[in-house]
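*Asks:* What follows is a predicted protein model with its sequence.
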Amino acid sequence: MTSSTLNAASAGATTTTPTRRVTDAPTRVFHWLFALCFTGAYLTAESEHWRLVHVTLGYTLAGLLAFRIVWGLVGPRQARLGLLLRKLSGLKPWLASARAGQFNGRQAQNLGMALAVLALMVTVVPLTLSGYATYNEWGGDLVGEVLEETHELFANGMLALVLGHIGLIALLSLLRRTNAARPMLTGRIPGAGPDLAQRNHGFVAALLIAAVVGFWLVQAAA
């Protein structure tokens, strides 16, 4: 075997598939903390023993939403909320095309994902507000009962949205033959080209984690 053959084999063994970054670290950290907090809050909802944990995770959800709104206004372009709204602006033309018999499957998938993300973020507002009011016993017994039922209604609605979101991710992975969850795991997707997220903003992500953990420690010590 010649040296040129060995070099070619070595080069082939070390060649890696090019990737590009599409999601920055703060957005990914927000996503997984958001998922963790909702899961924990839902599982502890019926337990008086875990009441403080449930409330703490609910407050954290509200704080995470506030962070995402701020990051969506001042953060990098690919994290902007305006980008999400621009995706949703394609809903009306897509419906018109579908009625005309021109079904764009890929656009339908993208619209479904954008709608799911927006619905999850919007649902957190009445969910946490009703939870806060219930925990602080606003309005006496009658109002408190209504608030508790409202809180449970939005919690179950959000669970349905979460399951739908996961199902859509799985469907996209099958249809596109790629891991649709990868951008939220590694921040990168396969393929050549420029990074959509030019900077990872790891420091901001670390600050977000520190703020959440710090809040949990304060709540535990209270």
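*Replies:* Structure's in. What do you need? Residues are numbered from 1 along each chain as shown.
*Asks:* what's around His201, how many residues?
*Replies:* His201 has 20 neighbours, counted by other C-beta atoms under 10 Å. Glycine gets a C-beta too; all of them are placed from N, C-alpha and C.
*Asks:* what's near enough to touch the residue nearest to it when sequence neighbours are not counted?
*Replies:* Nearest residue to His201, sequence neighbours excluded (C-beta to C-beta, 6 or more residues apart in numbering): Asp24, at 4.9 Å. The neighbours of Asp24, taking C-beta atoms under 8 Å, 6 or more residues apart in numbering as the test, are Gly75, Pro76, Gln78, Ala79, Gly187, Ala197, Arg199, Asn200, His201, Ala205.
*Asks:* want to try TSV for those, with secondary structure as columns?
*Replies:* Output for those, formatted as TSV (DSSP: H, G, I helix; E, B strand; the rest coil):
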residue	secondary structure
Gly75	coil
Pro76	coil
Gln78	helix
Ala79	helix
Gly187	coil
Ala197	coil
Arg199	coil
Asn200	coil
His201	coil
Ala205	helix
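*Asks:* Which pair of those spans the longest distance?
*Replies:* Gln78 and Ala205 (14.7 Å; C-beta to C-beta).
*Asks:* Can you show me the helices along the chain?
*Replies:* Along the chain, the stretches classed as helices by DSSP state H are 3-14, 25-43, 51-74, 81-88, 91-99, 105-135, 140-176, 182-185, 202-221.
*Asks:* Can I get the ones you listed in JSON lines including mean pLDDT and distance to Ala192?
*Replies:* Shown next, in JSON lines, are the helices of the chain (pLDDT from 0 to 100; distance: least, C-beta to C-beta, whole Å):
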{"stretch": "helix 3-14", "mean pLDDT": "47", "distance to Ala192": "17"}
{"stretch": "helix 25-43", "mean pLDDT": "96", "distance to Ala192": "22"}
{"stretch": "helix 51-74", "mean pLDDT": "96", "distance to Ala192": "28"}
{"stretch": "helix 81-88", "mean pLDDT": "86", "distance to Ala192": "22"}
{"stretch": "helix 91-99", "mean pLDDT": "81", "distance to Ala192": "29"}
{"stretch": "helix 105-135", "mean pLDDT": "89", "distance to Ala192": "20"}
{"stretch": "helix 140-176", "mean pLDDT": "90", "distance to Ala192": "18"}
{"stretch": "helix 182-185", "mean pLDDT": "88", "distance to Ala192": "16"}
{"stretch": "helix 202-221", "mean pLDDT": "96", "distance to Ala192": "24"}
